[in-house]
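1. structure, please.
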Amino acid sequence: MAFPSAQHSHLSHPTSSPAAGPSWGGISSASRVPASGTNTPTGSTYLMPTSPAKNAVAARDGMKPKISKTSGQKPACLVNASVTYCGNDQIYAFGGFDQFTDEVYNHVLRLNLKTLNWTLVDNYGDIPGVRMGHSASLYEGDKLLVYGGENEHREYLSDVVILNLKDHHWTQPDIQGPIPKGRARHGAVVYEDKLFILGGLTGEANYILDDICYLDLKTWTWSKTWSFVQRFDHSAWIWGGRLWVLGGLGADMERSSEIWWLDLKGSPALSGSGRQYSTMGRVPATRQDLWPQSTRADRTDTYTANSGSLHIRSSRREKPTAPGAISSLKFISGPHVPFQSSGNHFHVCSSGALLDFVTPASNIRHTECNLSSLELDSLRWQRLVEGPEIFPPGYKWHYCTINEDGTKVWLLGSPADESIPGNQELQLSEVLAVDLKRYGLLGTQDTSMASEQNRILASERQTVHTTSSSVGTGLGSDLAAIFDQPPETSMSDFIITANLESTDDDDISEADSHPRFSLNSTSSQMFVSESETTNISQPIHVHKMILQARWPHFKRLYASKMIEFHTSRMHIPEPYSVVRAFLYYLYTDSIAPHPVFCRDLTDVAGMLVMANLYDMPKLRLLCVNRLSREIDIDHAAVIWERAGRTDEEWLRARAARFCLMNWGRVVRTEGFRSLSRQSLMELCEVVDMEGRVVGGEELDEGADGFGLGSGYRYRRRSHRPSETAEETEGDEEDGMDVN
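-> Residues are numbered from 1 along each chain as shown. Sure, this is the predicted structure:
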């Protein structure tokens with residue numbers, strides 16, 4: 001499977017929606033709960049003060065993505081240009097419309113991400129005409145496929161031109177088959193040597209298309225056209241053999257909260273001819289309403305959703321529905337669900353999740369911006385980063401692109417309008433580089449490994465959301481069957497022991513729980529005093545062959561013929577459940593919850609320590625990913641402590657923020673009480689010197705002046721006891737309505 005095509009597809013210039021947002025599922029945007037933390041507070045809540053805690057500014061600034069200024073022939077902030085990452089630290093920008101001069105361009109510009117220098121590229125051959133709203137998709141690593149768009153005469157195009165990135169020579173292939181309707185502001189993705197085109201605007205009356213077709217890039221033949229979903233200015237990508245669509249505007253001219261997907265695997269052959277387009281869902285909007293985007297952003301609601309004026313049926317026979325299963329889901333509300341009607345949104349796909357960058361705009365406060373992720377297998381939203389931690393104030397972002405590894409994102413923008421003198425033209429002068437690995441996203445090491453690593457992460461999350469003890473099918477499940485079984489039934493040939501979990505909280509300290517051996521020592525076995533022998537767990541039966549293949553430290557240790565080589569025994573001074581979960585991971589490649597192994601986040605936090613100690617980057621990323629997604633009241637303090645021990649500063653800051661937002665409940669958990677005295681003091685000092693805990697009643701009345709602004713208040717969801725609220729909190733989290 002090809003890597004999800006977010007980095008290949010055209011990422012259109014975002015637009016703000018009216019400040020008075022639409023109503024979704026009966027919930028008005030005016031009544032939304034502002035999201036300033038990873039969890040909606042209930043009861044007593046810690047309010048972030050305006051003055052920072054000791055050393056907090058330096059720590060947070062060290063974690064924030066940095067803004068870099070570009071040089072050279074910087075392009076203007078063109079509307080509906082294409083910006084595509086093309087490998088080798090190069091970003092290409094093509095075409096676009098200048099909203100200040102009314103000019104449409106066909107310039108090719110290149111940004112070198114190492115030197116941060118823009119250059120105007122000399123290009124040759126069949127140079128395409130000027131256009132905007134087109135798509136530019138990377139193909140085979142060195143070809144940029146440009147399709148469609150709108151020219152200077154406001155005519156919709158359906159041509160295909162190819163820029164060879166090696167010599168910057170344009171070619172126009174000889175296209176066969178039924179050419180689809182010309183369009184702009186559509187979606188485009190490359191998958192298995194096919195260029196899929198979805199939706200867009202077309203026609204003099206600005207029809208919103210609902211069709212899907214593809215161009216076979218081996219034969220250069222267009223397929224027939226099918227009906228899928230009616231959208232323009234949307235995001236489209238491929239993941240897990242499915243084509244996904246999110247965002248954009250439909251017939252109601254509102255930013256959609258629905259996600260649609262089409263199964264591509266197992267569908268009938270997508271070939272042959274068919275009707276090219278349909279007038280279904282035509283919108284009688286003027287061109288001024290739809291173009292340029294800055295005009296549409298300020299318009300008020302002209303039509304009521306589902307009104308007859310928006311649905312003019314054609315007398316022609318409608319297109320057939322796209323082959324394959326079509327599904328959709330609408331997100332109504334939830335503490336982590338980003339509202340598409342507020343802010344400028346950029347969507348990219350990485351690690352089996354859709355990332356939604358909600359960036360500053362005129363209709364959203366800086367504190368309400370964020371980076372959220374949607375797990376595509378469980379369709380569950382999670383908040384990864386709050387806006388102030390990723391988007392420095394005073395900038396506006398216009399374009400976004402992602403590398404082929406799915407590990408780094410670049411936002412291209414400019415200083416905010418108010419900071420630019422009236423006679424100075426806005427330019428794409430700033431670049432914000434976001435390292436996704438900081439946020440626990442695995443990405444892919446190269447494009448050929450994309451499908452395999454996505455499969456691993458998908459299997460991981462699917463296991464999380466099931467009650468089955470199985471880890472799936474294949475080799476991992478077979479090896480799981482012989483894990484920790486006696487030699488007579490599993491032919492195990494090695495024994496590992498661990499520490500028994502202490503039941504006395506006073507006996508637990510940071511030093512006691514930390515491994516005491518070095519990877520460079522003569523032996524990794526911890527020599528236990530006679531008084532400590534009662535703390536040794538029962539043996540865990542394992543296989544030397546599996547440990548050697550999966551655990552680099554064990555391989556080095558065994559090759560050196562240390563004491564473990566002769567005794568076939570090893571003691572790991574970590575809690576028994578953590579060690580069993582770690583060894584189970586070596587057998588199954590999974591850290592998903594299991595009735596016996598990896599039962600809760602305490603075990604995952606312990607494995608994070610072991611991953612750091614043994615230098616196992618994949619396990620580390622899996623642990624950070626799961627801990628950040630599943631952080632809860634019971635384990636937040638433990639996650640904070642383990643993240644600090646392993647220098648995972650982003651996870652530590654996330655856990656600290658979670659603890660502050662739920663302080664009254666966190667301090668009553670066993671996890672909080674299990675921390676050492678030093679860790680307890682450090683966690684308490686995270687609270688700012690000027691901070692205070694505000695009671696629920698006072699919070700309902702409003703608490704201004706603590707960094708939340710005038711009128712900023714939370715609405716309590718329940719007056720139930722904290723235990724009941726905690727049990728039901730997860731049920732309200734996703735806010736999904738299946739269509």
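2. mind listing what's buried in stretch 389-405?
-> For stretch 389-405, a neighbour-count test (16 or more other Cβ atoms under 10 Å) marks 389-392, 395-405 as buried. Bear in mind the C-beta positions are built from the backbone N, C-alpha and C, glycine included.
3. ok, those vs Gly87, which is closest?
-> Of all those, Glu404 has the smallest distance to Gly87: 6.1 Å, by Cβ to Cβ.
4. could you list the low-pLDDT ranges of the stretch 301-450 of the chain?
-> 301-318, 418-424, 442, 444-450 (pLDDT under 70).
5. mind doing that once more with 50?
-> Scanning the stretch 301-450 of the chain for pLDDT under 50 picks out the ranges 301-316, 445-450.
6. strands of that one, residue ranges please.
-> Assigned by DSSP state E, counting those that start in this stretch, the strands in the stretch 301-450 of the chain fall at 326-331, 344-350, 353-359, 370-375, 380-386, 395-402, 408-415, 430-435.
7. then the stretch 601-739 of the chain?
-> 693-694, 736-738.
8. hey, least reliable of those by pLDDT?
-> Ranked by mean pLDDT, the strands of the stretch 601-739 of the chain end with strand 736-738 in last place, scoring a mean of 39.
9. if we can go back for a sec, nearest to His169, of the strands of the stretch 301-450 of the chain?
-> Minimum separation from His169 across the strands of the stretch 301-450 of the chain (Cβ to Cβ) falls at strand 395-402, 22.8 Å.
10. restrict the closest one to CA atoms and write it as CSV.
-> Below are the C-alpha coordinates for strand 395-402, written out as CSV (Å, rounded to 0.1, in the frame of the first residue of the first chain):
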residue,chain,number,x,y,z
TYR,A,395,1.4,34.6,13.0
LYS,A,396,-1.1,33.3,10.5
TRP,A,397,-0.6,30.0,8.7
HIS,A,398,-1.6,29.5,5.1
TYR,A,399,-0.3,26.1,3.9
CYS,A,400,0.8,22.8,5.4
THR,A,401,2.7,19.8,4.0
ILE,A,402,4.2,16.6,5.5
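11. report the contact partners of the closest residue to Ile482 other than its chain neighbours.
-> Of all residues not flanking Ile482 in the chain, Ser490 sits nearest, at 4.0 Å (Cβ to Cβ, 6 or more residues apart in numbering). If you count contacts by Cβ atoms under 8 Å, 6 or more residues apart in numbering, Ser490 has them with 482-483, 541, 543.
12. next one: Cys598
-> 581, 584-585, 591-592, 604, 607.
13. from the residues you listed, which land in helices?
-> If you go by DSSP state H, those have 581, 584-585, 604, 607 in helices.
14. wait, which of those is closest to Asp688?
-> Val604 (29.2 Å).
15. if I look at the closest one, how far off is Tyr585?
-> Noted for Val604: a distance of 10 Å to Tyr585, by Cβ to Cβ, to the nearest Å.
16. do the same with Gly200
-> Gly200 is 46 Å from Tyr585, by Cβ to Cβ.
17. same question for Ala611.
-> 9 Å.
18. any residues in contact with both of those two?
-> Joint contacts of Ala611 and Tyr585 (Cβ under 8 Å, 6+ apart) are Leu619.
19. which residues of the stretch 151-300 of the chain fall in helices?
-> 287-290, 293-297 (DSSP state H, counting those that start in this stretch).
20. same question, the stretch 451-600 of the chain
-> Along the stretch 451-600 of the chain, counting by DSSP H, counting those that start in this stretch, helices occupy 475-480, 487-490, 510-513, 544-550, 552-559, 563-567, 576-588.
21. please identify the most buried of these.
-> Of the helices of the stretch 451-600 of the chain, the one with the most neighbours on average (mean count of other Cβ atoms under 10 Å) is helix 576-588, at a mean of 23.
22. so what secondary structure elements neighbour that helix?
-> For helix 576-588, the packing partners by 3 or more Cβ pairs under 8 Å, 6 or more residues apart in numbering; DSSP states H and E come out as helix 475-480, strand 494-499, strand 540-542, helix 544-550, helix 601-613.
23. can you redo those as a markdown table with mean pLDDT and distance to Ala81?
-> Shown next, in a markdown table, are these (pLDDT from 0 to 100; distance: least, Cβ to Cβ, whole Å):
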| stretch | mean pLDDT | distance to Ala81 |
| --- | --- | --- |
| helix 475-480 | 66 | 45 |
| strand 494-499 | 90 | 58 |
| strand 540-542 | 91 | 56 |
| helix 544-550 | 89 | 47 |
| helix 601-613 | 92 | 42 |
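24. who wins for proximity to Ile639 among these?
-> Nearest of the helices and strands packed on helix 576-588 (Cβ to Cβ): helix 601-613, 5.4 Å.
25. can you pull the buried residues of the closest one?
-> For helix 601-613, by 16+ other Cβ under 10 Å, it's 601-613.
26. could you do stretch 257-265 as well?
-> 257-264.
27. between these, which is closest to Lys555?
-> Nearest member of the buried residues of stretch 257-265 to Lys555, counting by Cβ to Cβ, is Leu264, at 40.7 Å.
28. point out where the stretch 101-250 of the chain drops to low pLDDT.
-> Of all residues in the stretch 101-250 of the chain, none has pLDDT under 50.
29. circling back: show me which of the buried residues of helix 601-613 is closest to Met689.
-> Of the buried residues of helix 601-613, the one sitting nearest to Met689 (Cβ to Cβ) turns out to be Ala605, at 28.5 Å.
30. once you drop chain neighbours, what's closest to that closest one?
-> Arg642 (4.0 Å).
31. and for His635?
-> Leu601 (3.9 Å).
32. how close does the one you found sit to Gly240?
-> Per Cβ to Cβ, Leu601 is found 26 Å from Gly240.
33. same question, Arg556
-> Taking Cβ to Cβ as the measure, Arg556 falls 37 Å from Gly240.
34. try Ile162
-> In terms of Cβ to Cβ, Ile162 sits 28 Å off from Gly240.
35. just Val609 next, same as before
-> 32 Å.
36. nearest to His635, of the helices and strands packed on helix 576-588?
-> Of all those, helix 601-613 sits nearest to His635, with 3.9 Å by Cβ to Cβ.
37. run the angle between the closest one and helix 576-588 for me.
-> On the basis of axes from the mean of the first three to the mean of the last three Cα atoms, to 10 degrees, helix 601-613 is oriented at 70 degrees to helix 576-588.
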